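Q: give me coordinates for this.
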Amino acid sequence: MKQDTEASPKNSLPAGTKLNFGRDGAPLSLATATFLDGLGWHRDAVQEDGTHRDVIELPPLANSSDSEAPSGAAASESGSQSENAAKTDAPNPPAERFVPEWFAAAMKMPGVIAEEAREEKDGHLFILLSKVKSPSLDRLLRRRENLRFYTLTWIRELAGFFASVHDAGLLFRRISPEFFALDASGHLLFSRPDMLKVCKKDNSQGLSALNRFSAPESLNRPNGDALADQFGLALLIYSIVAEGIPTQTEHLPPLRTFIPDLPHGIETAIRRALSADPGRRFPSCRDFCDALLGNGLTLREEAKTYRMAASTEIGRLKSQSMPVNQDAWFIGYDANRKRGLLLLADGISTADVGSGDLASAKVFEAVRDAWEGPVGEILRTHTGTLTANWHKTVLEAILDDANTRIYSFLKQPIFVGMLDPMTHSPGSTAVLGLLDGDQLTVATVGDSCLYVLRNGILELHSVEQNLYTRLIQERRDPRDVADMDSLGALTHSIGNFFFDNDGGIQLKRLEPRLLTINLCAGDRLLLCSDGVPDCLGSNADELITRELSDGDDPQKIATSLCKLADETLGADNITALVLLAE
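A: Have a look, this model is predicted:
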């Protein structure tokens, strides 16, 4: 049976209507009504103590009568609802007069909140939904509370529920984190069954209320479809991983901004489901879930051997303004122990004293001396386990040494009287890796890049340390910055000091970003200066993937990649260090 086609906000019962739902005590007072095409209305109801409750108001179905007997599925659903009503001692009006078959089925889906009671009044049926005792996902996201521990549970439960909704031939009218919660057993609770609707080919039912979880195409096709739901699911999962609702969805920051050790492939799966083009999303929410969880949980063979090489180009256009290559790289590797140090450094061109190539050279010297000194001795000869804490301590010590070397350069008498708070000191970015067996511990400073290609999926594991990233990590909206061009300004570099008005200089503590990558056989890594992706342009990811996949000679790959970036633009120094795990 079809819902009454005359149903509209105008013929819902008026605000202030009182309902008892067969309970003792003060009645509920109906407040605002929100029209639900194809169903009825959602009513906000208020208890005497001010508590708000969710009530669904249903008009009679078209062509129904009090004497019409249920049959088939409707009879089964009616019986089930009668049992529910009996449990609450609530009146049990004939459900078949009011409840569409699809909604009766939706109310019985696992995860959908149960009804607490129902009441018929003035020819309409009112269903009081049970209260959810667990905090909503919206509350958890806004408070950033208990999300990290339950992330995988949330992902599994949400993806499974969305898939079940679509399997039942239903869609979401609207997606919002306030509709979802987890019970004490970790199972999903969906508190708003009225936010579901029938999936129809003509897409004519149930105009959706748009919000930040709405797919971009919803502006032109507001009725939505399963692919639009997938976008909303992906944004819910993005918010859970990022531990907060994004301020805007047009340019979502990389998830590694919040989770440095995010498993490889997770970002790619979420980005695909969030594609502005529905045709580029996954065929279904279940496929999305499989890709999301499969990438992070699949057991892969550990890497046994490594081959690595590097190449650099000054940049054909860059050389016209700066005839010196300000990049530097270093490879120190012991094949017997499968341990080594890898460096990519990019000197910053804005120095008032010294130069970018001086700064990157100081970083190179610090890494080289570490490899040739005690650090390298331990890496080459130690037979026991080197702890993760030792890895990170060594990386931080090497970078601090590089910073101190630049500091010593500026402390020379020749610079007395030349330094003040406006001085731009010689600085450098760095990607410094410590390889120990199948584990690569990395410290990054600035905006140089670390890419990982695994199973055909390329992801950027480094995150630029600039003003934009700082604002995002502080949960501030970058759009509020008056000078948008300043968002790309680096907030961290090697060679960053405090200068006072008297020409004094003090070391500023470095804050490298630390992450760990467990390497697998077949992995291909690229450490590069930002000149590589910048010169390759908008297709950088596709081109880097193609070049890293071409052959098994790291030297040829590095050389070809640098030449390609130079030929494409060449507006910056270009350096690539390639590592192949086998």
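Q: is it true that Leu125 lies in a strand?
A: Yes - Leu125 sits within a strand when classified using DSSP: H, G, I helix; E, B strand; the rest coil.
Q: and it, how many neighbours?
A: 22 (other Cβ atoms under 10 Å). Quick note: C-beta positions are derived from backbone N, CA and C, even for glycine.
Q: is it true that it touches Phe98?
A: Yes - the pair Leu125 / Phe98 is scored as a contact, 3.8 Å apart, by Cβ atoms under 8 Å.
Q: now for the two: what residues contact both?
A: Contact with both Leu125 and Phe98 is made by residues Leu58, according to Cβ atoms under 8 Å, 6 or more residues apart in numbering.
Q: three-state assignment of Ala104?
A: Ala104 carries the three-state label helix when classified by three-state DSSP.
Q: distance of it relative to Leu147?
A: Per Cβ to Cβ, to the nearest Å, Ala104 is found 34 Å from Leu147.
Q: Val375 now?
A: 38 Å.
Q: Leu28 now?
A: Separation of Leu28 from Leu147 (Cβ to Cβ) stands at 33 Å.
Q: neighbour count: these two, which is higher?
A: A count of neighbours by other Cβ under 10 Å puts Leu28 above the other of Leu28 and Leu147, at 25 against 18.
Q: neighbours of Arg476, just the number please.
A: Arg476: 12 neighbours (other Cβ under 10 Å).
Q: OK, contacts around it?
A: With contact set as Cβ under 8 Å, 6+ apart, Arg476 has no partners.
Q: tell me the SS of it?
A: Assignment for Arg476 (three-state DSSP): coil.
Q: let's see the pLDDT reported for it.
A: pLDDT for Arg476: 90.
Q: ok, which stretches of the stretch 351-500 of the chain are strands?
A: Ranges of strands in the stretch 351-500 of the chain, per DSSP state E, counting those that start in this stretch, are 428-436, 439-445, 449-454, 457-460, 497-499.
Q: need these in TSV with mean neighbour count and distance to Glu178, can you?
A: Listed next are the strands of the stretch 351-500 of the chain as TSV, based on neighbours: other Cβ atoms under 10 Å; distance: least, Cβ to Cβ, whole Å:
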stretch	mean neighbour count	distance to Glu178
strand 428-436	27	41
strand 439-445	23	37
strand 449-454	22	36
strand 457-460	19	31
strand 497-499	15	46
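Q: out of these, which gets nearest to Thr268?
A: Thr268 sits nearest to strand 457-460 of all the strands of the stretch 351-500 of the chain, at 5.1 Å, using Cβ to Cβ.
Q: tell me the helices and strands packed up against the closest one.
A: Under the contact criterion of 3 or more Cβ pairs under 8 Å, 6 or more residues apart in numbering; DSSP states H and E, strand 457-460 touches helix 266-273, strand 449-454, helix 540-548.
Q: now with 6 Å, please.
A: Here strand 457-460 touches helix 266-273, strand 449-454, going by 3 or more Cβ pairs under 6 Å, 6 or more residues apart in numbering; DSSP states H and E.
Q: as CSV, the ones you listed with distance to Ser428 would be great.
A: CSV is the format used below for these (distance: least, Cβ to Cβ, whole Å):
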stretch, distance to Ser428
helix 266-273, 27
strand 449-454, 14
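Q: which one of those lies nearest to Ala576?
A: Nearest of the helices and strands packed on strand 457-460 to Ala576, taken as Cβ to Cβ: strand 449-454 at 9.6 Å.
Q: list the buried residues for the lengthiest helix in the chain?
A: Identified as the longest helix of the chain according to DSSP state H is helix 388-410. Of the residues in helix 388-410, those buried by neighbour count under the rule 16 or more other Cβ atoms under 10 Å are 390-392, 394-396, 398-403, 405-407, 409-410.
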